[in-house]
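Colleague: Next come a sequence and a model predicted from it.
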Amino acid sequence: MSILAYDLGASSGRALLGRLTDRRIVTEELHRFSNDPVSIGDRLHWDILRLYHEIKAGLLKAKQGGLDVQSIGIDSWAVDFGLIGQNGELLGNPYHYRDPHTDGVMEKLMAELTPSHIFGKTGIQFLPFNTIYQLAALKSANSPVLQATDKFLMIPDLLRYFLTGEMFNEFSNATTTQFYNPLTMSWDRDLLAAIGVPESFFGTVVQPGASVGKIRLAVQSELGIGAIPVIAVAEHDTGSAVAAVPALEKSFAYLSCGTWSLMGTEVDAPVINEISQRLNFTNEGGVGGTFRLLKNIMGLWILQETKREWDRAGQNYSFPELVQLAEQAPNFGSWIDPDDVLFLHAGDMTPRIRQYCQQTGQRVPESPGEVVRCILESLALKYRYVFGMTEEVSAQRFNGLHMVGGGINNELLCQWTSNAIGKPVWAGPAEGSAIGNLAVQWIARGEFADIWEARKVIRESFPVKVYEPAQRDAWEDAYGRFVKVTGIRA
């Protein structure tokens, strides 16, 4: 008996088949595909119909392989959405969160409503692309799409709707919008009124594990498949990744490492206070009524954009080759703050890295190895910074850091992260989001009693590589200089 997890990341997607065999999870990658944003004029969009096509392609491969798929779940990145008209059709291609149409909107809304008011209602980190600012930007621009809208669906909600014809909003993703109130567990009508968006756009919010329909007849006929049940997992991919953290103790710190890096801990209730607001932490919904108290870090996006830049110039390095070049480059030569707004938008990244280093009085990295070393060291040192903040905001002390996600394939980054925090790093599983997606489906199907039983089986099913800290004095000295040169701490 098999179940299918669709995990959509910012650069690629995959369909992972899962089976339980003798209380061990066995997975098989059934389908993998790229997720390429589309630039049209000055706008950047997601190719949502291509993603829907790839989801159907995964179902077709399962059928062709003679697989009896018992359920499916979909997770993706947060904040982005599609708008549905009264006739039930999608109104335009969803914007990509890196599209600049939200530039300046967050600052304007914060001036009108005050940060304390917004954070007190939502507990969500201030990021310029949060859903509230995207909708406010559309409203300010008198968007004809917004004027014709009947319903709002986030990316997994939308893809589920295409498959099933049923509209639901899922909890873990809803909390990322910055207009869902985790204290009242409902859409916040005051914030929606402030941006001029009707509350009627937003539907029932379901918890991870809820049954949200079956494959609709038209899709059954098109693909020659049955009415496969669809389950709402933790549909924010970080929520699924945290569900897959193979922790054995309730108090643990995690880093979901990929295009974005997200570091935090799991808590029973949102932490909305002066400290979490000052440190700009976020409280996002999790599995089993939990919340993810975490902070976004720009992540491997910077390296991915740098590689794309070099690819366009005919310098075709693989990621392992770039990591090897970084390892050979001089250490602690220059650093960036990965979360500087300079690195948010798509485009040539190397000139911006050099600009940052020049403006901060550092040696400017020249060779690809020096540039990549600058990126990876900066990420490891920023992880150290946020690790300390996570301990402060949660009033806990952690013995080490669980790393999950595709970024753990970069063993150099894992080792440098351990060096930087001065504690062990436990890396695995790499396909954290997809495995967490599977785990929630199995909980919903009664195969696991709860998330803790699922985590125990995950730990027994997938290898965890341990990285012990090294070169402590050198990394401690580097951290002090990193904080000073980037100005991240007063």
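Modeller: That came in fine, so what should we check first? None of these values were measured; they are calculated from a predicted model.
Colleague: quick one: the helix ranked longest in the chain to chain centroid distance?
Modeller: If you go by DSSP state H, the chain has its longest helix at helix 368-394. Its chain's C-alpha centre and that of helix 368-394 lie 17 Å apart, by C-alpha atoms, centre = their mean, to the nearest Å.
Colleague: Please apply the same query to stretch 352-365.
Modeller: On C-alpha atoms, centre = their mean, the centre of stretch 352-365 falls 28 Å from the chain's centre.
Colleague: again with stretch 43-52
Modeller: Worked out by C-alpha atoms, centre = their mean, stretch 43-52 lies 17 Å from the chain centre.
Colleague: Next, the residues that contact that stretch from outside, please.
Modeller: Residues from elsewhere that reach stretch 43-52, judged by C-beta atoms under 8 Å, 6 or more residues apart in numbering: 8, 13, 35-39, 80, 82, 90, 93-96, 98-99, 101, 155, 158-159, 162, 346. Just so you know, the C-beta spots here come from the backbone N, C-alpha and C atoms, and that holds for glycine as well.
Colleague: Can I have the buried ones of those residues as a ChimeraX selection?
Modeller: The buried residues among the contacts of stretch 43-52 can be selected in ChimeraX (16 or more other C-beta atoms under 10 Å) with this line:
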select :8,13,35,37,80,82,90,93,94,95,96,98,99,101,155,158,159,162,346
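Colleague: Quick check: residue 240 touching residue 437?
Modeller: Yes - counting by C-beta atoms under 8 Å, residue 240 does reach residue 437; the two are 4.6 Å apart.
Colleague: who touches both of the two?
Modeller: 7, 75, 233-234.
Colleague: Mark which of the residues you listed are buried, thanks.
Modeller: The buried subset of the shared contacts of residue 240 and residue 437 - by 16+ other C-beta under 10 Å - is 7, 75, 233-234.
Colleague: Out of the residues you listed, name the ones that lie in strands.
Modeller: Judged by DSSP state E, strands contain the following of these: 7, 75.
Colleague: Reformat the buried ones among the shared contacts of residue 240 and residue 437 into CSV and put pLDDT and distance to residue 398 next to each item.
Modeller: Formatted as CSV, those follow (pLDDT from 0 to 100; distance: C-beta to C-beta, whole Å):
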residue, pLDDT, distance to residue 398
7, 98, 26
75, 98, 25
233, 98, 26
234, 98, 22
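Colleague: would TSV of the buried ones among the shared contacts of residue 240 and residue 437 with distance to residue 274 be doable?
Modeller: Converted to TSV, those look like this (distance: C-beta to C-beta, whole Å):
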residue	distance to residue 274
7	36
75	32
233	34
234	28
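Colleague: sorry, back to before: which of the contacts of stretch 43-52 fall in strands?
Modeller: Among the contacts of stretch 43-52, DSSP E puts 8, 13, 38-39, 82 in strands.
Colleague: of those, closest to residue 61?
Modeller: Lowest distance from residue 61 to the ones in strands among the contacts of stretch 43-52 (C-beta to C-beta) belongs to residue 13, with 13.4 Å.
Colleague: Do you know the pLDDT at that closest one?
Modeller: As predicted, residue 13 sits at a pLDDT of 97.
Colleague: quick one: contacts for it?
Modeller: Residue 13 sits in contact with 6-7, 32-35, 51, 54, where contact means C-beta under 8 Å, 6+ apart.
Colleague: For the residues you listed, please prepare a markdown table with the additional fields distance to residue 261.
Modeller: Shown next, in a markdown table, are those (distance: C-beta to C-beta, whole Å):
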| residue | distance to residue 261 |
| --- | --- |
| 6 | 22 |
| 7 | 17 |
| 32 | 22 |
| 33 | 23 |
| 34 | 21 |
| 35 | 18 |
| 51 | 23 |
| 54 | 25 |
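Colleague: Counting neighbours, which of those comes out on top?
Modeller: residue 6 (27 neighbours; other C-beta atoms under 10 Å).
Colleague: Check whether that residue really touches residue 62, as I assumed.
Modeller: No - the pair residue 6 and residue 62 does not pass the contact test of C-beta under 8 Å, sitting 11.4 Å apart.
Colleague: Residue 424 is in contact with residue 466, correct?
Modeller: Yes - taking contacts as C-beta under 8 Å, residue 466 lies within contact range of residue 424: 5.8 Å.
Colleague: Specify which residue of the two has the higher count of neighbours.
Modeller: A direct count of neighbours by other C-beta under 10 Å for residue 466 and residue 424 places residue 424 higher, at 15 against 12.
Colleague: Leaving out sequence neighbours, find the closest residue to the more buried one.
Modeller: Computed as C-beta to C-beta, 6 or more residues apart in numbering, the closest residue to residue 424 that is not its neighbour in sequence is residue 400, at 3.8 Å.
Colleague: okay, now that neighbour: neighbour count?
Modeller: Counted with other C-beta under 10 Å, residue 400 comes out at 19.
Colleague: and residue 298, how far is that from residue 10?
Modeller: 12 Å (C-beta to C-beta, to the nearest Å).
Colleague: shared neighbours of those two, which are they?
Modeller: Counting by C-beta under 8 Å, 6+ apart, the contacts common to residue 298 and residue 10 are residue 260.
Colleague: tell me, how many neighbours does residue 338 end up with?
Modeller: Around residue 338 there are 21 residues (other C-beta under 10 Å).
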